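Engineer: need the 3D shape of this:
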Amino acid sequence: MKNGVIPYSMWVLFAPTFLKHLPILGITEGKSVMKRAKAKYRSIIKDIPSFGKNDILLVNLLSAAQIAAVYLSLDEKPPLEQMTEYYNLSMDDSRIMRIFLKSTDYYSVGYQKKLARQAEQSQLSDNPYSWRFKFFAGQSLDAFDAIFDRCGICRLFSDLGISEITPAMCRYDYGMAKWTKTVFTREYTLASGGRICDCHYKRKNQ
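Structural biologist: Purely as a prediction, here's the structure:
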C-alpha cells in the first residue's frame, strides 16, 4: 500500500495523543519513540496490499498499524493491560475521534443500509488484511448484529509477531459504544481463538 493521503492523515491526526499518553507505558522520552514509530508505521503500510473496492475498514487497519508501530518501537514490551489502557485512552482523547463517533447515528436507516452493503462487499474480498462479516438487522432500527469471521487486525498483528496485543484493540469496541449511545455486547473474538467475532449493538435508553 502506498503511504498516500489517508495513511499520512491518520498519523497526523492520532500521533499527538499516542505521544501524550506514552507515560502510561513508562516512557519519558516520548518524541524519540514516536520518531521510530513513524518510520515503522511507514514500513508496515508498505507491506500491506492496496485496498480494493470490496475491502473494508481501512481506517481500522491503519489505526492498528499505528499502535503496532509504537509497540514495536519500545525497548521493553509492556503487558496487555497497559497496552489496552494506552490505546483506549489515546483514542478517547482524540477530539477528531470523539466528533466522528458522536456524529455517527448507528440507528438510522442510512447507516444500517451502508453496513449491509459493506457486509455484502466483504464477502467478495480476497484481501487477508480486510474484514469479512455478515449483517443482521434487528426487529427495529434500535438493534443489529455484525458477525465477523475474518479480521484484518488479527492478520496484521500475526504477521508482525505481536498477536499478544490484539485484544487491546478489541476492547475499544466498548469504548466507542459510549460515544455512540450503544450497549455493546460480545461473547467471542477471533483474537482469542474463536471462530467468529459476534458484535451486538443495541441503542442505549436515554
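Engineer: could you use CA atoms for every contact and neighbour count after this?
Structural biologist: OK.
Engineer: contacts for stretch 91-101?
Structural biologist: 13-14, 17, 175-176, 179-180 (C-alpha atoms under 8 Å, 6 or more residues apart in numbering).
Engineer: now the residues you listed: which count as buried?
Structural biologist: Neighbour counting by 16 or more other C-alpha atoms under 10 Å classes 14, 17, 175-176, 179-180 among the contacts of stretch 91-101 as buried.
Engineer: with distance to residue 80, secondary structure and pLDDT added, can I get those in CSV?
Structural biologist: Shown next, in CSV, are those (distance: C-alpha to C-alpha, whole Å; DSSP: H, G, I helix; E, B strand; the rest coil; pLDDT from 0 to 100):
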residue, distance to residue 80, secondary structure, pLDDT
14, 21, helix, 97
17, 19, helix, 97
175, 16, helix, 94
176, 19, helix, 96
179, 24, helix, 95
180, 26, coil, 96
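Engineer: make a markdown table from these and add distance to residue 114 to it.
Structural biologist: A markdown table is the format used below for those (distance: C-alpha to C-alpha, whole Å):
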| residue | distance to residue 114 |
| --- | --- |
| 14 | 26 |
| 17 | 30 |
| 175 | 22 |
| 176 | 19 |
| 179 | 20 |
| 180 | 17 |
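Engineer: quick one: which two of those residues are the most distant?
Structural biologist: 17 and 180 (20.8 Å; C-alpha to C-alpha).
Engineer: which residues in the protein form strands?
Structural biologist: 132-137, 143-150, 182-185, 197-203 (DSSP state E).
Engineer: between the ones you listed, which one is nearest to residue 56?
Structural biologist: strand 132-137 (8.2 Å).
Engineer: can you list the neighbours in contact with that closest one?
Structural biologist: 112, 115-116, 119-120, 122-123, 125, 143-151.
Engineer: now with 10 Å, please.
Structural biologist: Contact with strand 132-137 is made by 54-57, 112-113, 115-126, 143-152, 196-200, as judged by C-alpha atoms under 10 Å, 6 or more residues apart in numbering.
Engineer: circling back: export the strands of the chain to CSV and append columns for mean pLDDT and mean neighbour count.
Structural biologist: Shown next, in CSV, are the strands of the chain (pLDDT from 0 to 100; neighbours: other C-alpha atoms under 10 Å):
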stretch, mean pLDDT, mean neighbour count
strand 132-137, 98, 20
strand 143-150, 98, 18
strand 182-185, 98, 18
strand 197-203, 98, 19
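Engineer: pLDDT value on the residue most central in space within the chain, please?
Structural biologist: Centroid-nearest residue in the chain: residue 60, 3.7 Å away (criterion: C-alpha atoms, centre = their mean). Residue-level confidence at residue 60 comes out at 97, pLDDT.
Engineer: what's the distance between it and residue 109?
Structural biologist: Using C-alpha to C-alpha, to the nearest Å, one gets 23 Å for the distance from residue 60 to residue 109.
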